[in-house]
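Trainee: Coordinates for the following, if possible.
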Amino acid sequence: MSEATKNLKLSFLGAGSMNGAILRGIVASGHDPKLITATLRSDKRAAELRELGINVLVSDQDAEANAKAVAQTDIVFLGVKPVGITDLCDEISSALSPDKVVVSVAAAITLESMQAHLPANQPVIRSMPNTPLMVGAGVVGLSPARSVSEEQTRLVTELLSGSGDVHVIDEDQQNALSAISGSGPAYAFYLAEAMANAGVAMGLDEKLAIDLARATVAGAGKMLSDPQAVPGELRKAVTSPKGTTEQAIKTFDEQGIPKIIAAGTQAAAARAAQLSEELG
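Mentor: Down below sits the predicted model:
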């Protein structure tokens with residue numbers, strides 16, 4: 001992490017699963033927790049964050065908690081539910097200045113929607129993280145508004161790199177990214193679930209079947225984590241001609257699994273677009 005990034009003051013408005021995962025990833029990468037302020041709705045989880053050295057403000061105890069956190073920060077992460085993002089933008093608008101970067105981790109909320117509730121030309125970035133951020137193996141898509149400088153984008157990218165891979169994309173690609181990496185962990189879990197159920201159907205003990213499926217999918221994931229890994233090549237490497245794996249893959253193709261996956265991801269992307277319209 002560069003010196004410029006290490007010295008940034010950060011605020012996390014809401015510290016739920018996604019914002020909390022990003023926060024912990026940033027701390028784990030070496031950022032000084034004393035430079036971080038988090039706001040929570042209630043005091044239930046405040047002790048946990050304070051133990052990390054993070055300054056915590058509780059909105060139930062201080063109605064101006066969010067504004068106070070923003071006033072002393074360089075980058076603001078908005079981590080409330082999508083339906084509450086624009087209201088939060090209204091709430092913190094007066095505490096913002098042109099040099100502060102606002103990053104939303106809420107799904108489906110467009111840059112246009114946020115900009116309508118923020119000061120003119122406020123630097124704002126829309127992001128799409130996924131749940132493996134919690135274990136430092138996530139994927140994040142960033143879409144900066146035109147008001148965001150290259151240096152600001154670089155700083156946010158570097159910060160989030162502590163929790164996983166970061167990709168800067170055009171906003172019109174966000175729905176596609178959401179369908180692949182945002183929803184994608186559920187597809188892997190679904191595959192492991194189906195594999196375990198198949199094992200039980202063939203006579204394996206349920207716990208053993210779950211253990212086998214979990215370890216196999218996790219191990220394959222580790223192999224894929226190599227930046228040089230190509231999914232198709234890895235598959236071919238374990239698919240011997242006329243072997244058992246080849247027969248399974250052939251059956252999957254005959255049953256139309258690639259088309260099913262394509263249809264599912266298209267449905268996810270369509271739903272993401274629909275949510276953007278509803279919330280916008």
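
Trainee: In which helix or strand does residue 90 reside?
Mentor: Assigned by DSSP states H and E, residue 90 belongs to helix 85-92.

Trainee: Contacts for that helix, please.
Mentor: The contact list for helix 85-92 (C-beta atoms under 8 Å, 6 or more residues apart in numbering) reads 13, 66-67, 70, 76, 78, 80, 102, 104, 106, 109, 113-114, 116-118, 279. In this view, the C-beta of every residue, glycine as well, is placed from N, C-alpha and C.

Trainee: hmm, try it at 6 Å
Mentor: With C-beta atoms under 6 Å, 6 or more residues apart in numbering as the test, helix 85-92 has contacts from 66, 67, 70, 78, 80, 104, 106, 109, 114, 117, 118.

Trainee: Could you tell me which residues make contact with the last one?
Mentor: The reference is to residue 118. Taking C-beta under 6 Å, 6+ apart as the definition, contacts of residue 118 comprise 89, 93.

Trainee: and if you look at the fifth one?
Mentor: The neighbours of residue 80, taking C-beta under 6 Å, 6+ apart as the test, are 14, 88.

Trainee: Dihedrals phi and psi, it?
Mentor: Main-chain dihedrals, residue 80, degrees, to the nearest 10: phi -80, psi 170.

Trainee: which residue ranges form the strands in the stretch 101-250 of the chain?
Mentor: 101-104, 124-129, 138-144, 164-168 (DSSP state E, counting those that start in this stretch).

Trainee: Quick check: closest non-adjacent residue to residue 113.
Mentor: residue 280 (4.6 Å; C-beta to C-beta, 6 or more residues apart in numbering).

Trainee: isn't residue 101 right next to residue 152, touching?
Mentor: Yes. At 5.1 Å, residue 101 counts as touching residue 152 under the criterion of C-beta atoms under 6 Å.

Trainee: neighbour count winner among the two?
Mentor: A side-by-side neighbour count of residue 101 and residue 152, using other C-beta atoms under 10 Å, places residue 101 first with 24 against 19.

Trainee: which residues does the more buried one contact?
Mentor: 75, 123, 152 are the contacts of residue 101 under C-beta under 6 Å, 6+ apart.

Trainee: try residue 11
Mentor: By C-beta under 6 Å, 6+ apart, the neighbours of residue 11 are 37, 69, 70, 73, 76.

Trainee: now the helix holding residue 90 against strand 124-129, angle please.
Mentor: Angle between the axes of helix 85-92 and strand 124-129 is 140 degrees (criterion: axes from the mean of the first three to the mean of the last three C-alpha atoms, to 10 degrees).

Trainee: CA-only coordinates of helix 85-92 in CSV, if you can.
Mentor: In CSV, the C-alpha atoms belonging to helix 85-92 read as follows (Å, rounded to 0.1, in the frame of the first residue of the first chain):
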residue,chain,number,x,y,z
ILE,A,85,-28.7,5.2,-0.4
THR,A,86,-30.3,8.4,-1.8
ASP,A,87,-31.6,9.4,1.6
LEU,A,88,-28.1,8.9,3.0
CYS,A,89,-26.7,11.1,0.2
ASP,A,90,-29.1,13.8,1.2
GLU,A,91,-28.1,13.5,4.8
ILE,A,92,-24.3,13.9,4.2
